[in-house]
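J.: take a look and give me a structure for this.
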Amino acid sequence: MTEYCDNVLMPVGTSVYVYQLPIRLWHWSMAICVSVLIVTGYIIGKPWLSVTGQPCDTFYMGYTRMAHFIAGFILIIATVLRYLYALIGNRYSRELIILPVWRKSWWEGLWSEIRWYLFLDREPRAYVGHNPLAQAGMAVGMIFMLLVMLSGLGMYAQASASPFFKPFLLVLDFMYWIGGNDQELRSLHRLGMLLLITFVIVHIYMVIREEIMGKTTLASTMFSGYRERRKD
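T.: Down below sits the predicted model:
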């Protein structure tokens with residue numbers, strides 16, 4: 001195993017412990033929660049027939065909404081913990097939060113990765129952590145997730161009697177301030193879902209492509225935590 005002090009290019013034959021256990025747990029919990037949220041959110045927005053073949057009843061929709069709320073709260077809590085862990089985790093745990101946009105090498109790497117994914121370059125670079133394009137893409141995905149979380153909390157606060165959620169009524173107040181209403185807040189929530197679906201599709205494509213054509217392991221790294229540089 002080799003230790004690095006920065007997200008440098010990996011020499012051939014090296015293995016680096018990149019993603020610590022809390023990061024890997026967060027990643028897979030996000031995958032499960034987002035999947036549940038997308039499916040249940042679609043059902044809530046456009047109800048299907050229940051298992052009895054009759055129009056959706058209260059029992060069926062009640063459990064669907066409960067699953068949606070549970071997944072949403074897990075998503076929010078896990079994301080908050082993820083950001084807090086970046087304060088004590090290794091440098092790779094901070095890659096999605098702090099993008100080194102002040103470095104010329106980062107922009108060069110970003111352009112190199114864009115050319116690689118457009119099939120304009122024959123050879124990719126082998127990074128220890130996330131490559132610059134992945135960093136930028138994950139940062140955008142976190143913005144989409146923030147949109148979903150805030151809009152969801154704003155809608156939940158409308159129906160909740162708990163004073164804990166009252167501050168999130170500010171989200172609804174903001175919608176009224178810009179000339180919208182609670183229905184447009186729901187539309188914003190659905191837009192966030194569509195953006196998140198787009199992100200997931202692109203993310204899966206990039207992972208599969210990099211695992212097959214790239215120079216380093218990717219999918220297996222999210223299970224073991226170790227990134228390996230394959231031979232050319």
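
J.: contacts and neighbour counts: CA atoms only from here.
T.: Fine.

J.: mind naming the longest helix for the chain?
T.: In the chain, taking DSSP state H as the definition, the longest helix is helix 182-213.

J.: what comes up buried for that helix?
T.: Buried residues in helix 182-213, defined by neighbour count with 16 or more other C-alpha atoms under 10 Å: 182, 185-186, 188-190, 192-193, 195-197, 199-200, 203, 207, 210.

J.: now swap in stretch 88-97 and tell me
T.: The neighbour-count criterion (16+ other C-alpha under 10 Å) identifies 89, 91-97 as the buried residues of stretch 88-97.

J.: quick check, nearest of these to Thr40?
T.: The closest of the buried residues of stretch 88-97 to Thr40 turns out to be Leu96 (C-alpha to C-alpha; 27.4 Å).

J.: so the closest one sits against Val140, correct?
T.: No - shown here, Leu96 and Val140 do not form a contact pair, counting by C-alpha atoms under 8 Å, at 9.3 Å.

J.: point out where this structure drops to low pLDDT.
T.: Flagging of the chain using pLDDT under 70 yields the residue ranges 1-13, 47-60, 176-180, 231-232.

J.: in it, which spans are strands?
T.: For the chain, the strands defined by DSSP state E cover 15-17, 226-228.

J.: list the contacts of the last one.
T.: Where contact means C-alpha atoms under 8 Å, 6 or more residues apart in numbering, the residues beyond strand 226-228 that reach it are 13-19, 128, 216-218, 220-221.

J.: max pairwise distance over the residues you listed: which two?
T.: Gly13 and Tyr19 (18.4 Å).

J.: more crowded one of the two?
T.: Neighbour count, other C-alpha atoms under 10 Å: between Gly13 and Tyr19, Tyr19 has more, with 22 against 13.

J.: ok, the more buried one - contacts?
T.: For Tyr19, the contacting residues are 92-93, 221-222, 225-226, by C-alpha under 8 Å, 6+ apart.

J.: that one and Trp26: what is the separation?
T.: Note on Tyr19: its distance to Trp26, by C-alpha to C-alpha, to the nearest Å, is 11 Å.

J.: repeat for Gly62
T.: As defined by C-alpha to C-alpha, Gly62 lies at a distance of 27 Å from Trp26.

J.: over to Leu185?
T.: Computed with C-alpha to C-alpha, the distance linking Leu185 and Trp26 is 28 Å.

J.: try Leu147
T.: 19 Å.

J.: same question for Ile197.
T.: 18 Å.

J.: what do you get for Ile204?
T.: 17 Å.

J.: hang on, the earlier thing: looking at the contacts of Tyr19, which is nearest Ala67?
T.: For Ala67, the closest of the contacts of Tyr19 turns out to be Met222, at 25.7 Å, with distances computed as C-alpha to C-alpha.
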